[in-house]
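Trainee: Below is the structure, and that's it, no one-letter string:
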């Protein structure tokens, strides 16, 4: 019998490759099964926590308002990311203005809520216009005879602006109130760009259009300082008037106390809390335990197991409120335009030329819509994207649907562009608006390449061929073309504003030039129609549509899936804290995003080899 021959080498290699592939597939299947088992376990814990975390409002409860993070018009992070943020214990949270105001207004009518406890110390940011709307809601709550008590440890001027609306404002003895005034300092990159060999070419119209100056200067221009001083001075004067009125302090005295803080603080040997009491910024001092005892003395029942006091927090209270948006009766629709304006489709928290225009179009085509309120909180952005949205506003009006704009913290430059064609424009006195002007930027890098020993050379079929090659120096003829485009864009901007506002081109040009105004200053110059917040804008839209009383109001936003709605509801309850108490916590880095300087936002959507044209305003004080 002939002995069997060994298998050829290639068969052995095929067998080994097949074996390795099979082991790899098995490994991946096992890993996926483990991952999905972990995910299912996590979701099960979330479901249990969601039900465990929900609290019913008991009689004689205190609504505790402890807004954490940024005060925004709409969430900028998708539901899954917000859920991960909560589970990771990340501090970069967001609170929707509509939720906070809606909870306060609902509590004013809720017989189970006897008072509000305001704890503003974790509010990290919120423009003065948004804070003013919350303050107005607190005033409406107080008008029903229910008190508002505010307590904090260290309060900065935004937090204090809100706390000043309380009937009684208490401070921890180890805390303080720090009011400093407004500032607008920016980073300037010219020296860095020179060292890198990057040439930034700026084309603009408007003496005060300074948004892109950090790329061509190493300091603020005289015109920028002049304009910023004027509108920031207006904001600060309004702050002093409002806080002085709420605390019954003469605004001149309040200004003097703030400007001479070092001298006044020496009189209390560095005790900020005592200084705040001396200057009537607060009504008294109390530790947290003393605060609880005070509430108990006022008749608030004890909390669970006879500890603390009976209360419900903002997230739980909002979760129990009826959800708007399902009404079938004719009413007012609200579209939120918040953030930077850019082309294409953008997620909530930013404005997409296509996506925001599509929302307005959907509202117009909805038979339930009798009026539209466009809530604008934007410093602007790309010109064409803003024009796409403006056209939809114009078409909505042409369809017989009145459009009212409600300006939030900022509605400047491109933010004003999308607002100008409304029937009426509302702004808060401390809204930042105007900045009617545009600019273009073009980048070229021949100097950068030269530093690396790289040169660009070749031929072209004509003088304009290859003109926008960023490896080549910018030809002056090309610069003239770009400037002509910017000039035309400015004429369009000013001309459209003049037409929308019923003014002459010259009259609008005189108050344009890229100059920023407060809402009160803009009203005096005819750029807005009335001072007021979102509620006033909605009421005006309803009157224009002749809706009468009891009309529904709904927000039109990108559709949310059932799973996303579940994540939102989960984040609004105590479930996140419940999970964390059991050690379910994701790494903080998972939910954190890098923070960029405001000036760098211009580069986010910049395209190489083409002039980038903006109607933008970096005009938020700090």
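Mentor: Arrived safely, thanks for sending. Just so you know, these numbers come straight off a predicted model, no measurement behind them.

Trainee: does the closest residue to residue 411 other than its chain neighbours count as helix, strand or coil?
Mentor: What sits nearest to residue 411 in space, not counting adjacent residues and going by Cβ to Cβ, 6 or more residues apart in numbering, is residue 376, at 4.2 Å. Where C-beta positions appear, they are placed from N, C-alpha and C, glycine not excepted. With DSSP: H, G, I helix; E, B strand; the rest coil as the basis, residue 376 sits in strand.

Trainee: State the pLDDT value of residue 376.
Mentor: Looking at residue 376, its pLDDT stands at 97.

Trainee: ok, now how distant is residue 293 from residue 147?
Mentor: Residue 293 is 16 Å from residue 147, where distance means Cβ to Cβ, to the nearest Å.

Trainee: How about residue 532?
Mentor: Residue 532 is 26 Å from residue 147, by Cβ to Cβ.

Trainee: more crowded one of the two?
Mentor: Counted by other Cβ atoms under 10 Å, residue 532 and residue 147 do not tie: residue 532 has more neighbours, with 21 against 14.

Trainee: Hmm, that one is touching residue 426, no?
Mentor: Yes. Between residue 532 and residue 426 there is a contact under Cβ atoms under 8 Å: 4.7 Å.

Trainee: rewinding a little: right, and the residue nearest to residue 411 touches residue 408 too?
Mentor: Yes. In this structure, residue 376 is within contact of residue 408 by Cβ under 8 Å, at 6.5 Å.

Trainee: any residues in contact with both of those two?
Mentor: Counting by Cβ atoms under 8 Å, 6 or more residues apart in numbering, the contacts common to residue 376 and residue 408 are residue 338.

Trainee: Would you mind telling me which of the two has the busier surroundings?
Mentor: residue 376 (31 against 26).

Trainee: Dig out what the more buried one forms beta bridges with.
Mentor: Residue 376 has these beta-bridge partners by DSSP bridges: residue 337, residue 407.

Trainee: who are the neighbours in contact with it?
Mentor: By Cβ under 8 Å, 6+ apart, the contact set of residue 376 is 337, 338, 405, 406, 407, 408, 411, 415, 418, 419.

Trainee: The residue nearest to the fourth one when sequence neighbours are not counted sits in which helix or strand?
Mentor: This points to residue 406. Nearest residue to residue 406, sequence neighbours excluded (Cβ to Cβ, 6+ apart): residue 537, at 3.6 Å. According to DSSP states H and E, residue 537 maps onto helix 534-544.

Trainee: Residue 174 now?
Mentor: Following DSSP H and E, one finds residue 174 within strand 168-178.

Trainee: Could you do residue 425 as well?
Mentor: Counting by DSSP H and E, residue 425 is found in strand 424-427.

Trainee: Give the partner strands of that strand in its sheet and their orientations.
Mentor: According to DSSP bridges, strand 424-427 has the following sheet partners: strand 403-412 (parallel), strand 530-531 (parallel).

Trainee: Past the first one, which element shows up next along the chain?
Mentor: When you say that, I think you mean strand 403-412. Next in sequence after strand 403-412, counting helices and strands by DSSP H and E, comes helix 414-417.

Trainee: Not counting its own residues, what contacts that next one?
Mentor: Contacts for helix 414-417 (Cβ under 8 Å, 6+ apart): 337, 341, 376-383, 385-387, 390, 407, 433-436, 493, 496-497, 527, 614-617.

Trainee: Geometrically speaking, which residue is the centre of this protein?
Mentor: residue 72 (4.4 Å; Cα atoms, centre = their mean).

Trainee: And what about the residue lying closest to residue 508 once chain neighbours are set aside, helix, strand or coil?
Mentor: Spatial nearest neighbour of residue 508, excluding adjacent residues (Cβ to Cβ, 6+ apart): residue 498 at 4.4 Å. Using three-state DSSP, the structure places residue 498 in helix.

Trainee: show me the contacts for residue 498.
Mentor: 504, 505, 507, 508.

Trainee: out of those, who's nearest residue 463?
Mentor: Using Cβ to Cβ, residue 505 comes nearest to residue 463 of the contacts of residue 498, at 34.5 Å.

Trainee: if I look at the closest one, how far off is residue 528?
Mentor: Taking Cβ to Cβ, one finds residue 505 at 19 Å from residue 528.

Trainee: can you check residue 373 too?
Mentor: Counting by Cβ to Cβ, the gap from residue 373 to residue 528 is 15 Å.

Trainee: hang on, residue 301 packs against residue 311?
Mentor: No. The pair residue 301 / residue 311 is not scored as a contact, 9.9 Å apart, by Cβ under 8 Å.

Trainee: the more surrounded of the two?
Mentor: Using other Cβ under 10 Å as the criterion, residue 301 and residue 311 rank with residue 311 on top: 21 against 16.

Trainee: partner residues bridging that one?
Mentor: Here residue 311, judged by DSSP bridges, has bridge partners residue 62.

Trainee: Tell me the pLDDT of it.
Mentor: 95.

Trainee: does residue 239 sit in a helix or strand, and which one?
Mentor: Counting by DSSP H and E, the element that carries residue 239 is helix 222-247.

Trainee: State the separation between the next helix-or-strand element following that helix and the centre of the chain it belongs to.
Mentor: Counting by DSSP H and E, the element after helix 222-247 in chain order, helix or strand, is helix 251-259. Helix 251-259 sits 30 Å away from the centroid of its parent chain (Cα atoms, centre = their mean, to the nearest Å).

Trainee: Stretch 302-311 too?
Mentor: 35 Å.

Trainee: What are the buried residues along it?
Mentor: Neighbour counts over stretch 302-311 (16 or more other Cβ atoms under 10 Å) mark 303, 309, 310, 311 as buried.
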